[in-house]
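J.: prediction below, plus the sequence it came from.
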Amino acid sequence: MITRRRFLGQTGLLMAGAAVRGQSRPPLAAAPAGSLNASTLKPWVDPLPILPTAKSSGMRSSPENGTVKVPYYRIAMREMQVKLHRDLPPTTVWTYGDSFPGPIFDTRSGEPLLVEWVNELPTRHFLPIDHTLHGAEADKPEVRAVVHLHGGKTPPESDGYPESWFVPGKSGTCFYPNRQDATMLFYHDHTMGINRLNIYAGLQGLFVIRDDHEDSLNLPKGKYEVPLLIFDRMLRSDGSLEYPTSGDEKSPWVPEVFGDAMVVNGKIAPYLEVEPRKYRFRIMNGANGRFFRISFGDLLEFQQIGSDQGLLAAPLAMKRLVLAPAERGDLIFDFSAHAGQEVLLKSDSFELLQFRVSATPVNDASSVPATLRPLARIAESEAIKTRRLTLDENMDMVQQSMGMLLNNTPWHMPVTEKPVLNTTEIWEFVNLTEDTHPLHLHLVKFQILDRRRFDVFDYRSKGTLRYLAPAMPPTPSEAGWKDTVRADPGLITRIIVRFEGYTGRYVWHCHLLEHEDNEMMRPFEVVSA
Ligand code: C2O
Ligand code: CU
Ligand code: CU
């Protein structure tokens, strides 16, 4: 196996990251035959797809209370041919429902729903399974699926436990109580050992929760509220999805995946016609491994109003927002100063989406209030326990990466994290690796306390903790409620979490999907007092 940096060097993907659309550049050094250089595709020829809203098919009894009826949705996972770009042949993807990506759930806080997720996928996988990974052994069915609602405060039996997968022809019904604040969640596959492949194939979609408070704010809504699910892919010139392999047929797993085709709501480099007024963009990073650094035009100012778990305390003026895989950003951009112009949505040098602003002035009745909601910090003194958890890279004898671990403990070991229901804990992530890992806990929302530089060598060799600098508070952009936090190399990242909602078995993991699938995931169990 190869380390991330060697992998990047070998495949020239670092170069790809620096490439500018429209400029010619040499093809990827070690790119497999038939791969497509996505920068050769003509940008802004496809309109941005507006994703359909999931429709319920009747009412069913609530699992919480049989006398109450709740909306019931039936969503099938299917293989589908989609046009990612006007000039590309159709691409085979896996998706939920009839659209790619899947339909958006438009739900309300306090209004529960039932979703029956039906596996109608074929029985063969079209991406390279690594049977040496735990949970993906050759005796397991090739195609398996289980759905998780990321950021959902969901009872354990509906949370999509990675081992609760089901095969084509079967289904799993999940109950989402929606007892949580307005925000944008997303649903995605979570199958043990092949999660990265199922999501790369397309199994993810958005899930919006609204509430009365947010409604009262007069933010841009309706067609002026645009959800954007963004991910990168590698493609072949025949339109098919390319997923890189290690070159070792027995063990094709690679530590991280980056593509040069930026897909927004299912299209590469689409355009959106907008009016010269305020829009709300709800952006989700659905990439396997790529971090997006979102900006408008040449660093035009926008406002961030929310993050993973809902609104910030107040709007935040900014020019660039970093989103790691699974992080969400809720943004307001005002096109009124750009009537008749074009504005690009970018991530570094990648151009994601073109806005065509109409010339005629419009009346914009929406507003962005100076404060969005009260957001109390959780006091550190509330925590009854602090857990120090390491992020480890496992090296073999010749210092090659064997994969990453949480607290040096593989998935199958007994549960070690057992927080008590309705108590507060501090989790300290001690990053001993050279990567930033976006860490996610199921069930809960949390706050970031701080990040602090420490001596990694001392920690590794002597097990002693020596801080090298004062603690840094979270950036204002991540000072609201979160469900995913970036743990940077050489830093201890501390979060504070109230374990509320349900007792039972959940997971926490790195949201770089290649890491997650190769042991960077652990169970935790909320226990009753
Ligand atoms: Cu996006 Cu385990 O989650
Ligand atoms: Cu989750
Ligand atoms: Cu990771």
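T.: Okay, I see it. Ligands and ions are numbered 1, 2, ... in the order given.
J.: show the end-to-end separation of stretch 377-389, please.
T.: Taking Cα to Cα, to the nearest Å, stretch 377-389 runs 23 Å from one end to the other.
J.: same question for stretch 39-53.
T.: Taking Cα to Cα, the first and last residues of stretch 39-53 lie 31 Å apart.
J.: what about it, distance to the chain center?
T.: On the basis of Cα atoms, centre = their mean, to the nearest Å, stretch 39-53 sits 21 Å off its chain's mean C-alpha point.
J.: buried sites along that stretch?
T.: Neighbour counts using 16 or more other Cβ atoms under 10 Å place 39, 41, 43, 44, 46, 48, 49, 51 of stretch 39-53 among the buried residues. Placement of C-beta: from N, CA and C, glycine included.
J.: pick out the residue closest to the middle of the protein.
T.: For the chain, residue 326 is the residue whose C-alpha lies nearest the centre (Cα atoms, centre = their mean; 1.8 Å).
J.: what sits against the closest residue to that one other than its chain neighbours?
T.: Using Cβ to Cβ, 6 or more residues apart in numbering and skipping the chain neighbours, the partner closest in space to residue 326 is residue 511 (4.0 Å). The neighbourhood of residue 511, defined by Cβ atoms under 8 Å, 6 or more residues apart in numbering, consists of 324, 325, 326, 437, 438, 439, 440, 484.
J.: so which of those reach ligand 1?
T.: Taking Cβ under 6 Å from any ligand atom, the overlap between the contacts of residue 511 and the neighbourhood of ligand 1 is 326, 440.
J.: how about TSV for the contacts of residue 511, with secondary structure added?
T.: Formatted as TSV, the contacts of residue 511 follow (DSSP: H, G, I helix; E, B strand; the rest coil):
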residue	secondary structure
324	coil
325	coil
326	coil
437	strand
438	strand
439	strand
440	strand
484	strand
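J.: now the contacts of residue 511 in TSV, with pLDDT and distance to residue 56?
T.: Supplementary listing: the contacts of residue 511 in TSV, determined by pLDDT from 0 to 100; distance: Cβ to Cβ, whole Å:
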residue	pLDDT	distance to residue 56
324	98	32
325	98	30
326	98	26
437	98	37
438	98	32
439	98	34
440	98	28
484	98	28
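J.: list the contacts of the residue of the stretch 51-200 of the chain found nearest ligand 1.
T.: Shortest the stretch 51-200 of the chain-to-ligand 1 distance, computed as Cβ to the nearest ligand atom: residue-wise this is residue 150, at 3.3 Å. The contact partners of residue 150, by Cβ under 8 Å, 6+ apart, come to 185, 186, 187, 188, 326, 440, 483.
J.: for it, list each beta-bridge partner.
T.: Beta-bridge partners for residue 150, by DSSP bridges, are residue 186.
J.: now do the SS call for residue 115.
T.: Remark: residue 115 carries the secondary structure label strand [criterion: three-state DSSP].
J.: hmm, residue 172 and it touching each other?
T.: No. At 9.1 Å, residue 115 does not count as touching residue 172 under the criterion of Cβ atoms under 8 Å.
J.: between the two, which has more neighbouring residues?
T.: residue 115 (25 against 18; other Cβ atoms under 10 Å).
J.: disregarding residues adjacent in the polypeptide, which is nearest to that one?
T.: In space, residue 115 comes closest to residue 73 once its chain neighbours are excluded; the distance is 4.5 Å by Cβ to Cβ, 6+ apart.
J.: what helix or strand does the one you found sit in?
T.: When secondary structure is defined by DSSP states H and E, residue 73 falls within strand 69-82.
J.: pull the distance from that strand to the chain's centre.
T.: Distance of strand 69-82 from its chain centroid, counting by Cα atoms, centre = their mean, is 20 Å.
J.: can you give me the helices for the stretch 351-500 of the chain?
T.: 456-462 (DSSP state H, counting those that start in this stretch).
J.: list the contacts of stretch 237-245.
T.: The contact list for stretch 237-245, computed with Cβ under 8 Å, 6+ apart, reads 11, 32, 34-36, 84, 88-93, 126-128, 197, 200-201, 233-236, 252, 254, 257, 259.
J.: buried subset of those, written for ChimeraX?
T.: Under the burial definition 16+ other Cβ under 10 Å, those of the contacts of stretch 237-245 that qualify are selected in ChimeraX by:
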select :11,35,36,84,88,91,93,126,127,197,200,201,233,234,235,236,252,254,257,259
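J.: point me to the residue of the stretch 251-400 of the chain nearest ligand 2.
T.: Among the residues of the stretch 251-400 of the chain, residue 326 lies closest to ligand 2, at 7.6 Å counting by Cβ to the ion.
J.: state the distance from that residue to residue 371.
T.: To residue 371, residue 326 is 27 Å away according to Cβ to Cβ, to the nearest Å.
J.: related to what we said a few turns ago, switch the buried residues of stretch 39-53 over to CSV; also include secondary structure.
T.: Conversion of the buried residues of stretch 39-53 to CSV gives the following (three-state DSSP):
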residue, secondary structure
39, helix
41, coil
43, coil
44, coil
46, coil
48, coil
49, coil
51, coil
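J.: list just the nearest of the residues you listed to residue 367.
T.: Nearest to residue 367 among those, counting by Cβ to Cβ, is residue 48 at 24.8 Å.
J.: was I right to think the closest one contacts residue 270?
T.: Yes. Proximity of residue 48 to residue 270 meets the contact threshold set by Cβ under 8 Å, at 4.2 Å.
J.: so what pLDDT did residue 32 get?
T.: Looking at residue 32, its pLDDT reads 65.
J.: pLDDT at residue 1, what is it?
T.: Among the per-residue scores, residue 1 holds a pLDDT of 38.
J.: residue contacts, the residue of the chain most remote from its centre?
T.: What lies farthest from the middle of the chain is residue 360; by Cα atoms, centre = their mean that is 36.9 Å. Contacts for residue 360 (Cβ under 8 Å, 6+ apart) come out as 276, 339.
J.: quick one: it from ligand 1, how far?
T.: 42 Å (Cβ to the nearest ligand atom, to the nearest Å).
J.: pull up the residues of the stretch 401-529 of the chain that are close to ligand 2.
T.: Within the stretch 401-529 of the chain, the positions near ligand 2 by Cβ under 5 Å from the ion are residue 442.
J.: count the neighbours of whatever residue of the stretch 401-529 of the chain ends up closest to ligand 2 for me.
T.: Using Cβ to the ion, the closest approach of the stretch 401-529 of the chain to ligand 2 is made by residue 442 at 4.5 Å. Residue 442: 25 surrounding residues under other Cβ under 10 Å.
J.: find the nearest non-adjacent residue to it, please.
T.: Closest to residue 442 by Cβ to Cβ, 6+ apart is residue 506, at 4.1 Å.
J.: pull the contacting residues for that neighbour.
T.: Contacts of residue 506 by Cβ under 8 Å, 6+ apart are 156, 159, 161, 441, 442, 443, 523, 524, 525, 526.
J.: need those in TSV (columns: pLDDT and distance to ligand 3).
T.: What follows is the contacts of residue 506, written out as TSV (pLDDT from 0 to 100; distance: Cβ to the ion, whole Å):
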residue	pLDDT	distance to ligand 3
156	98	24
159	98	21
161	98	20
441	98	14
442	98	16
443	98	20
523	98	17
524	98	17
525	98	22
526	98	24
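J.: most neighbours among the contacts of residue 150, please name it.
T.: The member of those that has the most neighbours, counting by other Cβ under 10 Å, is residue 187 with 28 neighbours.
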